[in-house]
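Enquirer: What follows is a predicted structure for the sequence shown.
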Amino acid sequence: MRQKNHFWITAGLMLLLTMPCPAAPTDSTTTQQAAEQGDAVTQYNLGLMYDLREDDYVEAMKWYRKAAEQGYAEAQFKLGNMYYDGQGVARNYVEAMKWYRKAAEQGNELVQFQLGSMYYKGQGVTRNYVEAMKWYRKAAEQRNELAQLAQAHLGGMYYEGEGVARNYVEAVKWYRKAAEQGYLIAQKGLGGMYYEGKGVARNYVEAMKWYRKAAEQGLASAQGMLGVMYYFGQGVAQDNVQAYMWLSLAAAQDNDEVARKSLDSLEKEMNFPQRDEGQRLAREWQQKHPKP
């Protein structure tokens, strides 16, 4: 049930592009002069301009570095991003880690999640689940866009016993924090805890509730679990049509072999009108939830 991939890291970091920047001179000539004279705030804002407006990563890198070397935390964070993504420079996780750490040491909250992720995956540093847990916990306790991602990671690490003794109660606690904020991976994780009866009493009704929330956001694995629960009548009245609908959505979206085989088996138990209705419901759901 644990979601191992971390594709959502990049999605979370994209939110940081909207972070407010400090005030700086508005006249372009004055701005350039102030930056060249060593004003760190202006250097950072000039880097933002080249980064976000001009798509000139080399020039952005130049100005971020000037501000970062003066100890400006936001610039250190951005410079770390450039090294991490390979923008304006060859990708270098060691350099990314170096600048992220400098920003974190100055209290930059947004970098804490990325440090946790790099320790978790061993990017630019030896993999260390204890350090990953430390930084995820710091990030989870913040009030920014990445807190729910960190909370979900903490839930997963407590579930697996990575960097900490396995503790299903703690896993439920952290999954719930993120799930209640609408984070689909955590919703699916919390649904799994109720389904398996780990950290909480087994409760198929609650499992169905949380799987549905994730499924309605388009998570294929949660859609597949809804299909399974409708098929077996777990937490809901048994319904082959609903089972067919959700398994169809899961198989179509994720090309999931398990969902596909389950769907094939289910089809043999259904008549044509039932299959047609399941297909109609799946098409209707897809029309209401178009892919971005």
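Expert: Yep, it's here. Numbering: from 1, shown residues only.

Enquirer: for the stretch 1-150 of the chain, what spans make up the helices?
Expert: 8-14, 28-36, 40-48, 57-68, 73-85, 93-105, 111-121, 129-140, 147-160 (DSSP state H, counting those that start in this stretch).

Enquirer: now do the stretch 151-292 of the chain
Expert: Under DSSP H, counting those that start in this stretch, the stretch 151-292 of the chain gives helices at 168-179, 184-196, 204-216, 220-232, 240-254, 257-267, 272-288.

Enquirer: if you compare those helices, which one is most tucked away?
Expert: Ranked by mean neighbour count, the helices of the stretch 151-292 of the chain are led by helix 184-196 with a mean of 25 (mean count of other C-beta atoms under 10 Å). In this view, the C-beta of every residue, glycine as well, is placed from N, C-alpha and C.

Enquirer: quick one: residue 110 and residue 149 touch, right?
Expert: No - with contacts counted by C-beta atoms under 8 Å, residue 110 stays clear of residue 149, the gap being 11.4 Å.

Enquirer: which one of these two has more residues nearby?
Expert: Using other C-beta atoms under 10 Å, the more surrounded residue of residue 110 and residue 149 is residue 149, with 26 against 22.

Enquirer: picking up where we left off before, and the helices of the stretch 1-150 of the chain as CSV, adding mean pLDDT?
Expert: Converted to CSV, those look like this (pLDDT from 0 to 100):
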stretch, mean pLDDT
helix 8-14, 40
helix 28-36, 80
helix 40-48, 94
helix 57-68, 96
helix 73-85, 97
helix 93-105, 96
helix 111-121, 96
helix 129-140, 96
helix 147-160, 97
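
Enquirer: Serialize those to CSV and add fields for distance to residue 208.
Expert: Output for the helices of the stretch 1-150 of the chain, formatted as CSV (distance: least, C-beta to C-beta, whole Å):
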stretch, distance to residue 208
helix 8-14, 24
helix 28-36, 56
helix 40-48, 46
helix 57-68, 47
helix 73-85, 39
helix 93-105, 40
helix 111-121, 30
helix 129-140, 27
helix 147-160, 19
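
Enquirer: Out of the ones you listed, which is closest to residue 256?
Expert: Closest to residue 256 of those is helix 8-14 (C-beta to C-beta; 18.7 Å).

Enquirer: quick one, what contacts residue 140?
Expert: Residues counted as contacts of residue 140 (C-beta atoms under 8 Å, 6 or more residues apart in numbering) are 147, 150, 151, 153, 154, 174, 177.

Enquirer: will you turn these into a markdown table that also has distance to residue 59?
Expert: Shown next, in a markdown table, are these (distance: C-beta to C-beta, whole Å):
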| residue | distance to residue 59 |
| --- | --- |
| 147 | 33 |
| 150 | 32 |
| 151 | 37 |
| 153 | 34 |
| 154 | 38 |
| 174 | 41 |
| 177 | 41 |
